[in-house]
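Colleague: quick one, structure for this:
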Amino acid sequence: MQRLIAAATLACVGAFAGCASAPPGAAAHAAPQLRLAPALLGRPLNVQQHLTLQAPGHDQQLDVLLEADEHHVQMGVLAMGQVAARLDWDGVTLTESKAAWWPQAVSGSRILSDLQLTLWPVAAIQAALPAGWQLVESGNQRTLTDDGAVVTVITRTSPQVVELDQRREHFRLRIESRELGEAVAPAS
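Modeller: So this is what the prediction gives:
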């Protein structure tokens, strides 16, 4: 039912990981910033996600609440049991708030762009990419390239799990997702 839905929150952790681990000059080669209308998603979302970030010398786990409809995309990031950041996009204005202890370098603009890269339809994304950039979806995988060079690979390993490999910024993200209202499976 959900195609790549769990990757929605790669955005916030991806941005955090990128800040912590991007090699010098990586910002000059960063992916373009998407600004797609919420309505282009084509379906509502109401999910809770658990993220595990792996970057050189840095592992972290976060929880995210994500809600989207045709008018808004809203996200709340929880770290260490506290609200770390909130984001709201209405198709025109991006509003974000961050806890004082949350890294200021984590950009709401980047969060929104990565979120849209993983969830919005490929045709909508492709139409917004600059020359030389391409997003291809094949089966359970999306690949973003820049003049043929692979930048990001997003793989859905199960209906509830997505893995993101951000090759330029050298981090991996595992996202476990469940729709709010679903029964929680007992821990094993």
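
Colleague: for Val161, list the residues it contacts.
Modeller: Applying Cβ atoms under 8 Å, 6 or more residues apart in numbering, we find Val161 in contact with 6, 174-177. For every residue, glycine as well, the C-beta is placed using N, CA and C.

Colleague: quick check: end-to-end length of stretch 129-141?
Modeller: 18 Å (Cα to Cα, to the nearest Å).

Colleague: pull the distance from that stretch to the chain's centre.
Modeller: From the chain centre to the centre of stretch 129-141 is a distance of 15 Å (Cα atoms, centre = their mean, to the nearest Å).

Colleague: list the buried residues in that stretch.
Modeller: Neighbour counts over stretch 129-141 (16 or more other Cβ atoms under 10 Å) mark 129, 133-135, 137 as buried.

Colleague: mind checking which helix or strand Thr145 is in?
Modeller: Counting by DSSP states H and E, the element that carries Thr145 is strand 141-146.

Colleague: cool, Leu112 as well?
Modeller: Leu112 belongs to helix 108-119, assigned by DSSP H and E.

Colleague: what's that helix packed up against?
Modeller: Counting contacts by 3 or more Cβ pairs under 8 Å, 6 or more residues apart in numbering; DSSP states H and E, helix 108-119 packs against helix 10-21, strand 73-79, strand 82-89, strand 94-98, strand 141-146, strand 149-158.

Colleague: moving C-terminal from the helix or strand of the chain with the lowest mean pLDDT, which element do we reach first?
Modeller: Taking mean pLDDT, DSSP states H and E as the measure, the chain has helix 10-21 as its least confident helix or strand, at a mean of 45. Toward the C-terminal end, the helix or strand that comes next after helix 10-21 (DSSP H and E) is strand 45-55.

Colleague: surely Ala85 touches Val77?
Modeller: Yes: applying Cβ atoms under 8 Å, one finds Ala85 in contact with Val77, separated by 4.4 Å.

Colleague: give me the more crowded residue out of these two.
Modeller: Val77 (27 against 23; other Cβ atoms under 10 Å).

Colleague: quick check: beta-bridge partners of that one?
Modeller: With DSSP bridges as the criterion, Val77 is bridged to Val64, Ala85.

Colleague: list the contacts of it.
Modeller: 9, 12, 62-64, 83-86, 102.

Colleague: export those to JSON lines and tack on distance to Arg43?
Modeller: What follows is these, written out as JSON lines (distance: Cβ to Cβ, whole Å):
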{"residue": "Thr9", "distance to Arg43": "17"}
{"residue": "Cys12", "distance to Arg43": "21"}
{"residue": "Leu62", "distance to Arg43": "24"}
{"residue": "Asp63", "distance to Arg43": "22"}
{"residue": "Val64", "distance to Arg43": "18"}
{"residue": "Val83", "distance to Arg43": "26"}
{"residue": "Ala84", "distance to Arg43": "27"}
{"residue": "Ala85", "distance to Arg43": "24"}
{"residue": "Arg86", "distance to Arg43": "22"}
{"residue": "Trp102", "distance to Arg43": "29"}
